[in-house]
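S.K.: quick check, what structure comes out for this input:
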Amino acid sequence: MSESAAARLQALFDGKRLTPTQRRIAHCMVRGAAEVPYLSSVELAELAGVSQPSVTRFAVALGFDGYPALRRHLRESTPASESTAPESEPNEYQQAVAGEIENLRRLADLLADPASVERAGALLAASRPLPVLGLRAAASQAFGFSYFAAKVHPDVRLLDEGGTMLGDRLDAARRAGASTLLCFALPRHPREVVEALAYAQSLGLTVVTVADSSFAPVAAHSDLLLPAAVGTGLAFDTACAPMLLGRVLLEAMADHIPGAESRLEEFDTQAAARGLFAD
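M.R.: Prediction:
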């Protein structure tokens, strides 16, 4: 059912930055979507294994005056003819996938005008070396981009560890001739990433950032920010859209690097000769 109770609940939660306790409540509500509009705050708290005040704070975080207002909203938005058969309700995992599909649709809409991505590709291609920053949740995005970028870009420097050495590595990249820093920034946003971007700009680096939102904390220190939403339907964020945007940037960058295609062909030849891959 495209407009099931679970789907409506998931839409209510999408895009909200919830605490771990609040996510627990949200997941509990999705699992029992048909019954939730008829539960008291105490009953919902017991079902989710949290305190009653946590349920109240959760309702306020969603924009309601309190839990009674949230429950009233849920009752009023439920069609009288809707079937409540459990087997007709998408489960929380299906809802998470549906949320990511919607994030990808939004990314497709953004890419209808490729000007920003093409500009970013040109900046990344021209930077020698090219430092790529991603800490904590974003470290895997930075690593994936760097792995593939190194096949066409002559000098990619992955910055996936924080601490006092991060500034030193930015200094070294700048002294070596870097003109642009690519940053992947995902929630929750580490303070040192924000500080690193500010420092990179003070060095004269142009900062290109892939972030979950144009209003992310890193926006203030990004010269070009490309948004790609993360999924919030599970206990841990999912990042399909940021990953895909990273691959799009790889394509745009390769388009601005002379001989990129021949480098890829050379790698394939060497890989075959060395027997690197089983297929």
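S.K.: gap between residue 218 and residue 196?
M.R.: 9 Å (Cβ to Cβ, to the nearest Å). To be clear about C-beta, it is placed using only N, CA and C from the backbone, and glycine gets the same treatment.
S.K.: joint contacts of these two?
M.R.: Here residue 218 and residue 196 have residue 183 as joint contacts, going by Cβ atoms under 8 Å, 6 or more residues apart in numbering.
S.K.: show me where this protein has strands.
M.R.: 130-133, 156-159, 180-185, 206-211, 224-227 (DSSP state E).
S.K.: so what's the residue count around residue 266?
M.R.: 12 (other Cβ atoms under 10 Å).
S.K.: give me whichever of the strands of the chain is most buried.
M.R.: Of these, the one with the most neighbours on average (mean count of other Cβ atoms under 10 Å) is strand 180-185, at a mean of 28.
S.K.: angle of that strand against strand 206-211?
M.R.: For strand 180-185 against strand 206-211, the angle by axes from the mean of the first three to the mean of the last three Cα atoms, to 10 degrees is 20 degrees.
S.K.: what's the average pLDDT for strand 180-185?
M.R.: Strand 180-185 shows a mean pLDDT of 98.
S.K.: repeat for stretch 109-123
M.R.: Stretch 109-123 comes out with an average pLDDT of 96.
S.K.: that stretch: which residues count as buried?
M.R.: Going by neighbour count (16 or more other Cβ atoms under 10 Å), the buried part of stretch 109-123 is 110, 116, 117, 120, 121, 122, 123.
S.K.: what do you get for stretch 248-266?
M.R.: So, applying 16+ other Cβ under 10 Å, buried residues of stretch 248-266: 248, 249, 250, 252, 253, 254, 257, 260, 263.
S.K.: so the closest residue to the second one other than its chain neighbours versus residue 26, what's the distance?
M.R.: Looking back up the chat, that one is residue 249. Closest residue to residue 249 apart from its sequence neighbours, by Cβ to Cβ, 6 or more residues apart in numbering: residue 120 at 5.8 Å. Distance, residue 120 to residue 26, by Cβ to Cβ: 34 Å.
S.K.: repeat for residue 95
M.R.: Counting by Cβ to Cβ, the gap from residue 95 to residue 26 is 10 Å.
S.K.: tell me the centre residue of the protein?
M.R.: Centroid check for the chain by Cα atoms, centre = their mean gives residue 230 as the closest residue, at 3.4 Å.
S.K.: run a quick neighbour tally on residue 237.
M.R.: Neighbour tally, residue 237, other Cβ under 10 Å: 17.
S.K.: same check on residue 135?
M.R.: Under the criterion other Cβ under 10 Å, the count of neighbours that residue 135 has is 22.
S.K.: how long is stretch 149-168 end to end?
M.R.: 23 Å (Cα to Cα, to the nearest Å).
S.K.: starting at the chain centroid, how far to that stretch?
M.R.: 20 Å (Cα atoms, centre = their mean, to the nearest Å).
S.K.: give the buried residues for it.
M.R.: Result for stretch 149-168 [16+ other Cβ under 10 Å]: buried residues 149, 150, 152, 153, 156, 157, 158, 159, 160, 162, 166.
S.K.: thinking again about what came up before, reformat the buried residues of stretch 248-266 as JSON lines; add pLDDT and distance to residue 74.
M.R.: Converted to JSON lines, the buried residues of stretch 248-266 look like this (pLDDT from 0 to 100; distance: Cβ to Cβ, whole Å):
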{"residue": "248", "pLDDT": "97", "distance to residue 74": "38"}
{"residue": "249", "pLDDT": "98", "distance to residue 74": "41"}
{"residue": "250", "pLDDT": "97", "distance to residue 74": "43"}
{"residue": "252", "pLDDT": "96", "distance to residue 74": "44"}
{"residue": "253", "pLDDT": "97", "distance to residue 74": "47"}
{"residue": "254", "pLDDT": "95", "distance to residue 74": "49"}
{"residue": "257", "pLDDT": "94", "distance to residue 74": "53"}
{"residue": "260", "pLDDT": "85", "distance to residue 74": "53"}
{"residue": "263", "pLDDT": "86", "distance to residue 74": "56"}
